[in-house]
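>>> what's the 3D shape of this:
(one chain, ligands or ions: 1)
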Amino acid sequence: MRTALFPGSFDPFTIGHYEVLESALKIFDKVIVAVGYNSAKKGFFAPQTRVEIIKQATAHLPNVEVCSYSGLTIDACRNLGASVIVRGLRTTADFEMESVIAQANTKLAPEISTVFLPACGEYSFVSSTIVRDVLIHKGDVSQFLPKGVQIEKFYTGE
Ligand code: ADP
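Next comes the predicted model:
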C-alpha cells in the first residue's frame, strides 16, 4: 500500500489543489493532505480551520486523510507512514523552488521520494492568494473552491 503526503499551506484549499489531489489519487492508494503551519507565522485561516475546509472538500473521497503538522515535511511523512511527497507544479518558477526543496528532502530522508504533478487542469491558475483577495473584497469565490465547500461557515469577513 503506497501512501503519499500532499503537503501545503492550503490557506485556503482551492479547486487547483483539488485537481492535484485527484491526480495523486490515481497513482497512490492513500493520500494524506497535510496542512503545514509555522506557529510564528499567522495565516489567513487558522490551521484547524484549513483542515476543516479540506475535510469538507474531500468528505466523499475514501482514500484521503487530512491533518496538520509543524516542522519538517519529511518528519511528517515518517510519522504518518508516507513514502512519497506530492507537489503540484504550475510554473517554471514553481519548479525551480520545488526542485531545491526536493533535493534537500532527499538528502535528509533518502527513503522518501518527491513526485511533481503538473497543473494541467482547468483551474491551474487558481491560487490561495486569489481566493483570499476575492474573499476580502466580497467577491464570489465559489467557482475557485472545490464543490461542497461552504466558505461562509469559516469566513465571516470581520
Ligand atoms: P505552499 O505554501 O507549501 O507552496 P500551497 O498551499 O500554496 O502551499 O500549495 C500546495 C501545493 O499545491 C504546491 O505544490 C503548489 O504548487 C500546488 N498548487 C497550488 N495551486 C495549484 C493549482 N491551481 N494547480 C495545481 N497545483 C497547485
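>>> residues from the chain in reach of the ligand?
Taking C-beta under 6 Å from any ligand atom as the criterion, the chain approaches the ligand at residues 8-10, 14, 16-17, 19-20, 87-88, 90, 94, 119, 123-124, 126-128. No exception for glycine: its C-beta is placed from N, CA and C like everyone else's.
>>> Among those residues, name the buried ones.
8-10, 14, 16-17, 19-20, 87-88, 90, 119, 123-124, 126, 128 (16 or more other C-beta atoms under 10 Å).
>>> Where helices are concerned, which of these count?
Mapping these onto helices (DSSP state H) picks out 16-17, 19-20, 128.
>>> out of those, what pair is the most spread apart?
Using C-beta to C-beta, the two most remote members of these are Glu19 and Ser128, lying 14.0 Å apart.
>>> any idea of the pLDDT on the residue lying closest to Leu117 once chain neighbours are set aside?
Ranked by C-beta to C-beta, 6 or more residues apart in numbering and with sequence neighbours excluded, the top spatial neighbour of Leu117 is Ser23, at 4.9 Å. Listed pLDDT for Ser23 reads 96.
>>> Mind telling me what element Ser23 is part of?
Using DSSP states H and E, Ser23 sits within helix 15-27.
>>> Tell me the helix or strand right after that helix.
strand 30-36.
>>> Direction included, what does that following strand pair up with?
Strand 30-36 has its sheet partners listed here by DSSP bridges as strand 3-8 (parallel), strand 64-69 (parallel).
>>> In contact with the residue nearest to Tyr18 when sequence neighbours are not counted, which residues are there?
Nearest non-adjacent residue to Tyr18, counting by C-beta to C-beta, 6+ apart: Pro146, 4.0 Å away. Going by C-beta atoms under 8 Å, 6 or more residues apart in numbering, Pro146 touches 13-15, 17-18, 57-58.
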